Each structure stands twice: as C-alpha cells, then as structure tokens.
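Peer 1: Sharing a model prediction with you, sequence too.
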Amino acid sequence: MYTIQGYSKVKTLEEAYELNQKRSSTIIGGGMWLRLGNRSIGTAIDMSDLGLNQIEETETEFVIGAMTSLRDIECHAGLHQYFNGMMKEAMKGIVGTQFRNTATIGGSIYQRFGFSDPLTALLALDTTVEMYAGGMIPLDKFVIMDYDNDVLVRIHIKKDRTQAAYQSFRNAKTDFPVLTAAVSRRDGKLKVVIGARPGRAVVAKCPDVLASAPTEEDVKKFSGRVAEMVSFGTNMRASAEYRKILAEVLVKRAIMEILEQTSPEATGGVCK
Ligand SMILES: Cc1cc2nc3c(=O)[nH]c(=O)nc-3n(C[C@H](O)[C@H](O)[C@H](O)COP(=O)(O)OP(=O)(O)OC[C@H]3O[C@@H](n4cnc5c(N)ncnc54)[C@H](O)[C@@H]3O)c2cc1C
C-alpha cells in the first residue's frame, strides 16, 4: 500500500506539471496500479477538476481526456461505431466493470504496460498522445520513450475511415492477457499490432501484402509470416513458442473479422 504525505487538487495543467517535477510527487489517475505499490508519495496530484474525463468527437478525430475511465471508452457509442466495436473489445477483458470505472486511460497509456490491452488497440489506429510539455507525440514513438515527469493530457485518434478489430487471449477471465493483437485496415493496407508478448506492444513489420480478395488459407499464411517477424518471451503465463502460435491465430481472427465486418451493432451494441 502506498502512503501520501500531501495532496493537491490542481486547478491548472501548469500546476500539475510544476508539482510533478519533484521526484516525490505523483499524478494519481485512477490509483488502481499505484495502490499495489508501496511508494511514499510526497504530493499526490489530483487532476480530477480539470475536465479531462471527457471524450470529444469532432469532424476529424476523437479526443480522450487523460482522466477518462476505461469503462467510458468501452461504452462510448461514437468510438464503438467508428472503429467497428474494437475499443469495447479491447476494454471488456480488463478485470471487471467496477475496476474499469476507476482505472483511467491516462494512467494506462502513460505507464506503457507490457500487458496493455488499450496500448495494443490504440497503436493500430492513428493515435497521438498530447503531453503538457512534450506536445503531440505519435503513439508509436511514445511507446518506446523512457518515463519522464511530463503530464499526459489527452489522446487523439484520427477519424480516417480505418477499419479495426481486436483479439486477446487470457488463461482465465480477469487475468492479464497472454497475448493481444489488433489489426486495422485503411485504403486496403493492413497494420498489425501485437502486445503482451509479454513486452510492450509493437507494430509488426508485415512481410508482404495480402491479396485483395484473400482466402482463409491466404490469411493464415500471412498471419504466420507476421508472427515470424515479432519476438516473444516466456513468463509464468505462457512460453514464447506458445505465444507465437497464439499470435498467428489471433492475427488471423482479427483479419478475418475485418474482411467480414458488419455494423458493430450486429454484435450486440456498445454496452449492456
Ligand atoms: C490487478 C490489475 C489487473 C490489471 N489487468 C489489466 C489487463 O488485463 N489489461 C490491461 O490493459 N491493463 C490491466 N491493468 C492496468 C489497468 O488497466 C490500468 O492501466 C492501471 O491501473 C493504470 O491506470 P490508473 O488510472 O489506475 O493509473 P494510476 O495507478 O493512478 O497511475 C499509474 C501511473 O501512471 C501515472 N499517471 C497517471 N495518470 C497520468 C497522467 N495523466 N500523466 C502522467 N502520468 C500519469 C501515475 O503517476 C502512475 O505512475 C491491471 C491493473 C491492475 C491493478
């Protein structure tokens, strides 16, 4: 359990950033990850008065405030509709509804967990992270950056007519995923992301293009070649060899889903 010496409910982002420059300070998102540690926190920075718990949809993008809960993303009708139900699929396996009501997207993406469902999903889309000092950083760059004392403010996802699908595999419901995979397709071009390898999610280097009207066998072969291009590791949940086999299966399923995609409403709507 962590202990907190001081608490500041900030009124501006500048205040949050200034306070966060001190090593002993920490931004509290949902606090769900922090509560598992035993840090002694000098100043806990609470950004819940900054209106960052909103999802805004404009003509060109979705803008998600850092304090938005994973559950709000899961249940957002616009995101659900635009990205073919992918965001709901990526969120729904994370622990349980009450947990997702508290954990934030800011805490999830800032931390760049090696098991992250949202990181895998967002990397497949055209996503940019808005940092207070660092400005706009494409997610594929942010994911390999070191931790610093900056403040994650918002996440921007471009509305670029991308089709998307998400797959994950867990040994048991509510556990961390053994493997995650997200695929998007724009102008016929596929982007494949594999996460929980168990390292941070990566965009796979696709070895070749998939035929314009591929058979299931074509997709299987393509997915197998993609899995060859990614490195996997072993941990208590699965071996590297098993993860590689899973990657082929999950990527194939996600591509098949994209090829067969209908309205996400046909798969049961946004949230029950
Ligand atoms: C038991 C358990 C199981 C989990 N299972 C999964 C899972 O299966 N899949 C999955 O994807 N995730 C999983 N997670 C991770 C979870 O979904 C959240 O990503 C995690 O709890 C962090 O979100 P938070 O809002 O709780 O962040 P916090 O715990 O509040 O913060 C985490 C870190 O991020 C920093 N931070 C928070 N907000 C900001 C910000 N705006 N700017 C800069 N830094 C910030 C904090 O200072 C802290 O260092 C799990 C977590 C737990 C505790």
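Peer 2: Thanks, I have the structure now. Numbering: from 1, shown residues only.

Peer 1: For whichever residue of the stretch 1-150 of the chain sits closest to the ligand, the count of nearby residues, please.
Peer 2: The stretch 1-150 of the chain approaches the ligand most closely through residue 107 (2.1 Å), counting by CB to the nearest ligand atom. Placement of C-beta: from N, CA and C, glycine included. Residue 107 has 22 neighbouring residues, counting by other CB atoms under 10 Å.

Peer 1: which residues sit in contact with residue 7?
Peer 2: Counting by CB atoms under 8 Å, 6 or more residues apart in numbering, residue 7 makes contact with 43, 44, 46.

Peer 1: of all these, which comes closest to residue 271?
Peer 2: Of all the contacts of residue 7, residue 46 has the smallest distance to residue 271: 27.0 Å, by CB to CB.

Peer 1: Apart from its neighbours in sequence, what residue is nearest the residue nearest the centre of the chain?
Peer 2: Residue closest to the mean C-alpha point of the chain, counted by CA atoms, centre = their mean, is residue 118 at 1.7 Å. With sequence-adjacent residues excluded and distances taken as CB to CB, 6 or more residues apart in numbering, residue 118 is closest to residue 108, at 5.0 Å.

Peer 1: Kindly report the same for residue 151.
Peer 2: Nearest to residue 151 is residue 132, by CB to CB, 6+ apart, at 4.1 Å.

Peer 1: What's the separation between the closest residue to residue 142 other than its chain neighbours and residue 91?
Peer 2: Leaving aside its chain neighbours, residue 142 sits nearest to residue 129 (4.6 Å; criterion: CB to CB, 6+ apart). Residue 129 sits at a distance of 18 Å from residue 91 (criterion: CB to CB, to the nearest Å).

Peer 1: returning to that earlier point: quick check: beta-bridge partners of the residue nearest to residue 142?
Peer 2: With DSSP bridges applied, residue 129 shows beta-bridge pairing to residue 137, residue 155.

Peer 1: what sits against it?
Peer 2: Per CB under 8 Å, 6+ apart, neighbours of residue 129: 109, 136, 137, 138, 139, 142, 152, 155, 156.

Peer 1: what about the strands in the stretch 1-150 of the chain?
Peer 2: 3-9, 25-28, 40-46, 55-57, 61-65, 127-131, 135-138 (DSSP state E, counting those that start in this stretch).
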